[in-house]
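Novice: Coordinates only, no sequence provided:
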């Protein structure tokens, strides 16, 4: 098992363990820390897939933007510890049956699919120039639509926050 | 390229070890004497009451939100800047359309006062007490 | 054309008796040790410089007793901090209280790995060099928020949030202002950026597309000052306002790590600014003194000049209010940064 595999298993372990911490922790801030390390693990896996620009974007936007937003929202509210993990309305056995059924369906679908096994990235070329060129030529319309979507997001979120502030 | 990222990983691991080593070293040679006064929350000499929450100030959230939107825009600006030299005026116009949309967003948030932070009111001194 | 890094040169000088991967890892580890020690040393020197420069600006002498003119003062302080008791408040969240200094320090120092100290001396010649530096500084924000939260102290939390809001607001103009550099060079690699500026002071990127690059440099410098939480933007740390901000409840070695991280960050900003705008390790005299050890010398000369300017600003200007802070970032620096970018684009086309 070469170093590549070793590092992959390391990052996979970090991602999954942090995600488990995030899901099972009763303290919302611990969950946020778990999310931080999950993002970091995913960024590592992106690097191993030769997507260097994507890994850096992952850190910049997810950790630097979304996690900060999440932490601000959580810390400015009051309920931190003792979060109820169960809703109390649905009992355990029907829940088990439904979740188990979905799991079996997904498992069969995944194992029966013929995944196109691409070759692992043999040449690790830098991707930034290709992304830039493609954004300007082949993917121009989605690119401009993204700008409109960002505008809508900004206006919508500012509007909602303004209503809260007035209240 | 992977070699460079491996450098980064080893560096991060080493810095974590460095901090950990310093803490461990300090743990061995420091005195350990927690008195109730020392471990109480510091409030410039006042005794603190109540739990530590702060007033919900939505301005923090709005700033983080605006930052996120512009962060995504910056992520799109970087690859464009890298290929700008080679692609000429048409890519410039395309990017200007993109930037213009977001400048409209900035202008909107500015005009509606979402970027304001509370200005301290100019109250003359004799009215304050 | 990526600059060849130190591994290739060392590989060619040593015969291969150990397997290649182990050798590479040992080299990387040696580089990591070197850079961490360098960063810590620079932080210590920075603290000493700050005390001396502020002293002389305030017409007094500063540390004079410990060593010649107080040179070993910071070392003595660091040793003292090692011996101090680590007081964790009873109400604090112990795990997060311990985690926050790790995140802040690792994130700050992790950016040092891509800095080119000379043509061959760079620990990691990443192709996304400068973008990586921008991304890593967003990691620090999380550490600061966690530090403010973990102390379970109203003032720490408020200080941490304000600090985070400040860093986050000024990150936009800082990132926008480095776009003008990338547009001129066409690569994110820091080594390429410096090679582009090789050949004397007139080739430096601060003079290209005049005056837009100069404005971009000023915007970058100002925004980075605010990201460092340094005066005149040091509201989150202001002693008269909020005690010590997010590191109020930290003592001993943990506080020392925060302090170290802040001064290392200061040096990092200076090196990045000089690499992007002032030519990095290239000599201002063209090919005279432009190789090997002189490259490191030039880089340090430029960085220390910028550090001097940072300290000068700190001890001269008064502190800005928080609403003036946000006004500066969103309503002044960001529009000007966009203007610079558009201006440089037009400049380069026509």
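Specialist: That came through, no problem. Bear in mind the structure is a predicted one, so any value in this text is a computation, not a measurement.
Novice: what does chain A put close to chain C?
Specialist: Residues of chain A that fall close to chain C, judged by Cβ under 8 Å from any Cβ of the partner chain: A:3, A:29-30, A:33, A:36, A:52-53, A:56-57, A:59-60, A:63-65, A:67-68, A:71-72, A:75-76, A:126, A:128. The way it works is simple: take the backbone N, C-alpha and C, and place the C-beta from them, glycine included.
Novice: redo that, cut-off 6 Å
Specialist: Contact residues of chain A with respect to chain C, defined by Cβ under 6 Å from any Cβ of the partner chain, are listed as A:3, A:36, A:52-53, A:56, A:59-60, A:63-64, A:68, A:71, A:75, A:126, A:128.
Novice: backbone phi and psi for residue C:325, please?
Specialist: Residue C:325 has phi and psi values of phi -60, psi -50 when expressed as degrees, to the nearest 10.
Novice: Now for it, how many residues are close by?
Specialist: 22 (other Cβ atoms under 10 Å in any protein chain shown).
Novice: so how far is stretch A:29-49 off the chain centroid?
Specialist: Centre-to-centre, stretch A:29-49 and its host chain are 8 Å apart (Cα atoms, centre = their mean, to the nearest Å).
Novice: Looking at the residues of chain A next to chain C, point me to the pair that's furthest apart.
Specialist: A:3 and A:75 (39.6 Å; Cβ to Cβ).
Novice: Look at the two and report which has more neighbours.
Specialist: The neighbour count for residue A:3 versus residue A:75, taken as other Cβ under 10 Å, is higher for residue A:75 (24 against 13).
Novice: give me the element the residue lying closest to the more buried one once chain neighbours are set aside is part of.
Specialist: In space, residue A:75 comes closest to residue C:149 once its chain neighbours are excluded; the distance is 6.0 Å by Cβ to Cβ, 6 or more residues apart in numbering or on different chains. Counting by DSSP states H and E, the element that carries residue C:149 is helix C:129-150.
Novice: Report all helices and strands that that helix contacts.
Specialist: Using 3 or more Cβ pairs under 6 Å, 6 or more residues apart in numbering or on different chains; DSSP states H and E, the elements in contact with helix C:129-150 are helix A:52-57, helix A:68-75, helix C:94-110, helix C:154-177.
Novice: Against which helices or strands is the last one packed?
Specialist: When contacts are defined as 3+ Cβ pairs under 6 Å, 6+ apart, helix C:154-177 sits against helix B:58-87, helix C:129-150, helix C:212-227, helix C:334-349.
Novice: what inclination does the third one have with respect to helix C:154-177?
Specialist: Meaning helix C:212-227. Inter-element angle recorded for helix C:212-227 and helix C:154-177: 170 degrees (by axes from the mean of the first three to the mean of the last three Cα atoms, to 10 degrees).
Novice: average pLDDT for helix C:212-227?
Specialist: Along helix C:212-227, the predicted confidence averages to a pLDDT of 90.
Novice: where does residue C:18 land on pLDDT?
Specialist: You'll see residue C:18 listed with a pLDDT of 61.
Novice: do the same with residue C:328
Specialist: With respect to pLDDT, residue C:328 has a value of 81.
Novice: Can you tell me the SS state at it?
Specialist: Per DSSP: H, G, I helix; E, B strand; the rest coil, the local secondary structure of residue C:328 is helix.
Novice: and it, how many neighbours?
Specialist: Other residues within reach of residue C:328, judged by other Cβ under 10 Å, total 20.
Novice: dump the residue contacts of it.
Specialist: With contacts defined as Cβ atoms under 6 Å, 6 or more residues apart in numbering or on different chains, residue C:328 is in contact with no residue.
Novice: Would you list the phi and psi of residue C:58?
Specialist: The phi/psi pair for residue C:58 (degrees, to the nearest 10) is phi -100, psi 20.
Novice: Just say which of the helices and strands packed on helix C:129-150 is most tucked in.
Specialist: By mean neighbour count, with neighbours taken as mean count of other Cβ atoms under 10 Å in any protein chain shown, helix C:154-177 ranks first of these at a mean of 26.
Novice: before we move on, back to that, tell me how far the residue nearest to residue A:75 lies from residue C:161.
Specialist: Taking Cβ to Cβ, to the nearest Å as the measure, residue C:149 falls 9 Å from residue C:161.
Novice: And for residue A:156?
Specialist: Between residue A:156 and residue C:161 the distance, using Cβ to Cβ, works out to 24 Å.
Novice: what do you get for residue A:158?
Specialist: Remark: distance between residue A:158 and residue C:161 (Cβ to Cβ) = 19 Å.
Novice: Now do the helices in the chain.
Specialist: You didn't say which chain, so I picked chain A. Assignment of helices within chain A using DSSP state H yields the ranges A:3-24, A:28-48, A:52-57, A:68-75, A:92-112, A:128-136, A:140-166.
Novice: my bad, the chain I had in mind was chain B
Specialist: If DSSP H is used as the criterion, the helices of chain B fall at B:2-29, B:58-87, B:89-111, B:125-128.
Novice: Out of those, flag the one nearest residue A:18.
Specialist: Comparing those by their distance to residue A:18 (Cβ to Cβ), the top pick is helix B:2-29, with 15.3 Å.
Novice: and the closest one with chain C, contact?
Specialist: Yes: judged by Cβ under 6 Å from any Cβ, helix B:2-29 comes into contact with chain C at B:4, B:7-8, B:10-12, B:14-16, B:18-19, B:22-23, B:26, B:29.
Novice: Show me which of those residues is closest to residue C:300.
Specialist: Checking the residues of helix B:2-29 next to chain C against residue C:300 by Cβ to Cβ gives residue B:11 as the nearest, at 20.8 Å.
Novice: For residue C:43, which residues are in contact?
Specialist: Contacts of residue C:43 by Cβ under 6 Å, 6+ apart are C:260, C:263, C:264.
Novice: Can you name the element that comes right after the helix or strand the second one falls within?
Specialist: Counting by DSSP H and E, the element that carries residue C:263 is helix C:252-277. Secondary structure here is assigned by DSSP H and E; on that basis, the next helix or strand after helix C:252-277 toward the C-terminus is helix C:293-314.
Novice: Residues in contact with that next one: which ones?
Specialist: C:50, C:53, C:117-118, C:230-231, C:270-271, C:273-274, C:278, C:281, C:283.
Novice: And the residues you listed, which is the shakiest by pLDDT?
Specialist: Taking pLDDT as the measure, these have their low point at residue C:231 (68).
Novice: do stretch C:342-349 and chain A meet at all?
Specialist: No: Stretch C:342-349 lies apart from chain A when judged by Cβ under 6 Å from any Cβ; the minimum separation is 13.2 Å.
Novice: Only the buried residues of that stretch, if you could.
Specialist: Across stretch C:342-349, burial judged by 16 or more other Cβ atoms under 10 Å in any protein chain shown covers C:342, C:343, C:344, C:345, C:347, C:348.
Novice: Likewise for stretch A:130-137?
Specialist: By neighbour count, and taking 16+ other Cβ under 10 Å as the criterion, the buried residues in stretch A:130-137 are A:131, A:132, A:133, A:135, A:136.
Novice: coming back round to it: report pLDDT for the residue nearest to residue A:75.
Specialist: Per-residue confidence (pLDDT) for residue C:149: 85.
Novice: That one: neighbouring residues, count only.
Specialist: Other residues lying near residue C:149 total 26 when counted by other Cβ under 10 Å.
Novice: Where does residue C:89 sit: helix, strand or coil?
Specialist: Per three-state DSSP, the secondary structure class of residue C:89 is coil.
Novice: ok, it touching residue C:249?
Specialist: Yes: between residue C:89 and residue C:249 a contact is recorded at 5.1 Å, counting by Cβ atoms under 6 Å.
Novice: Compare these two and say which is more crowded by neighbours.
Specialist: For residue C:89 versus residue C:249, the count of surrounding residues by other Cβ under 10 Å is larger for residue C:249: 26 against 23.
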